[in-house]
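S.K.: sequence and predicted structure, then a few things I'm wondering about:
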Amino acid sequence: MPPRSLRLTWGSGIPPPPPDRLTTPEHERVTMPEALMTVDALRAGYGDMIAVWDMSLQAKPGRVTALVGRNGAGKSTFLNAVAGLLPIRAGTIKLSGEDVTRLPAHQRASHGLALVPEGKRIFRAMTVRENLTIGQFNARHKGSEGQAIIAEMFDRFPALGDRPDALAGSLSGGQQQMLSIAQALSSRPSVLCLDEPSSGLAPVIVDEVFEIVRDLRAEGYAIVLVEQQVEAVLDGLADDVVIIDQGRQVLADEASNVTVDQIIQATLHGVDRRP
Ligand SMILES: Nc1ncnc2c1ncn2[C@@H]1O[C@H](COP(=O)(O)OP(=O)(O)OP(=O)(O)O)[C@@H](O)[C@H]1O
């Protein structure tokens, strides 16, 4: 084995491999998508309290990364810090390779990041259409394109299209969650962070929300999903899982390698962090 620091470059006396070995045969090629968002060693908190310690996570196109952990573990703090709603103490955030750590929330949104916060934070005294117009703010869409976005959202969420002039506060819980997601999508993001979108919804509506998440994944969005329903997370909803406990990342793996028992062990009993 050559030492790690030794780099061999073609053209420095080293003959290149024969042409048929320069390309990997199709059936042997494994293509991992580039991350659209890379969070590295993020630390965040409130006052003197650090709620998230050195968390790292990647969001890749067409993949759902689920962030799971018990109440108070730091999931919302992580997402809010990533979105720029909470100052970070350390770490970096890159969107499509560009360092946005020092940019305010609206500029991170302009770089393709959207957050659907916990608790359907829509403008309840405004109409459905007005909420969607506000959602476009960061995408800087105007005129007919703005109308096209609204039409697209009404197409995607027919229940909203049926009541464009209804006040958001008069919608059902499920419809408000749809509006919250539609509002985030109206900024034309590439990375979508969803903070417990199933929270407080009836099971049948939860299924609808999860179906939307699957559709968005199929369309190529890079999704970070905070979700308490771990069975659903492991049953095809997520591709990657990151477990957080007491503000620290305790496990990160592909969902297919993670079991419900592991999540329960890590989140209910914590982990043994003795050296
Ligand atoms: N605004 C705040 N001010 C002070 N401490 C806060 C604030 N928000 C959250 N915390 C604390 O930070 C820690 C992490 O909370 P956070 O809301 O991020 O957890 P969570 O995993 O999202 O929990 P939940 O599933 O209940 O939403 C907790 O100890 C919580 O009490």
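M.R.: It's in. Owing to the predicted nature of the structure, the values given are computational and were not obtained by experimental measurement.

S.K.: might you list the low-confidence residue ranges for the stretch 151-275 of the chain?
M.R.: 268-275 (pLDDT under 70).

S.K.: ranges for the strands of it?
M.R.: 191-195, 222-226, 240-245, 248-254 (DSSP state E, counting those that start in this stretch).

S.K.: which helix or strand contains Thr92?
M.R.: Using DSSP states H and E, Thr92 sits within strand 88-95.

S.K.: got the angle between that strand and strand 222-226?
M.R.: 150 degrees (axes from the mean of the first three to the mean of the last three C-alpha atoms, to 10 degrees).

S.K.: who's in contact with the following helix or strand past strand 88-95?
M.R.: Next along the chain after strand 88-95, taking DSSP H and E as the criterion, comes strand 98-99. Here strand 98-99 makes contact (C-beta atoms under 8 Å, 6 or more residues apart in numbering) with 92-93, 111. Placement of C-beta: from N, CA and C, glycine included.

S.K.: reformat the residues you listed as a markdown table; add neighbour count, distance to the ligand and pLDDT.
M.R.: Shown next, in a markdown table, are the contacts of strand 98-99 (neighbours: other C-beta atoms under 10 Å; distance: C-beta to the nearest ligand atom, whole Å; pLDDT from 0 to 100):
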| residue | neighbour count | distance to the ligand | pLDDT |
| --- | --- | --- | --- |
| Thr92 | 15 | 20 | 97 |
| Ile93 | 24 | 17 | 98 |
| His111 | 19 | 23 | 92 |
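
S.K.: which one of the residues you listed is nearest Asp240?
M.R.: Nearest to Asp240 among the contacts of strand 98-99, counting by C-beta to C-beta, is Ile93 at 17.6 Å.

S.K.: in a helix, Ile50, correct?
M.R.: No - Ile50 is assigned strand when assessed by DSSP: H, G, I helix; E, B strand; the rest coil, not a helix.

S.K.: can you pull the contacts of it?
M.R.: Counted by C-beta under 8 Å, 6+ apart, Ile50 has contacts 43-44, 89, 247.

S.K.: can you give me the helices for the stretch 51-200 of the chain?
M.R.: Using DSSP state H, counting those that start in this stretch, the helices of the stretch 51-200 of the chain run over 75-83, 105-110, 128-135, 143-156, 158-161, 173-185.

S.K.: look at Glu130 and say how many residues are nearby.
M.R.: 15 (other C-beta atoms under 10 Å).

S.K.: and it, how far from Met153?
M.R.: Separation of Glu130 from Met153 (C-beta to C-beta, to the nearest Å) stands at 13 Å.

S.K.: picking up where we left off before, need the contact partners of the strand holding Thr92.
M.R.: 36-45, 50, 54-56, 81-82, 99-101, 108, 111-113, 190-191.
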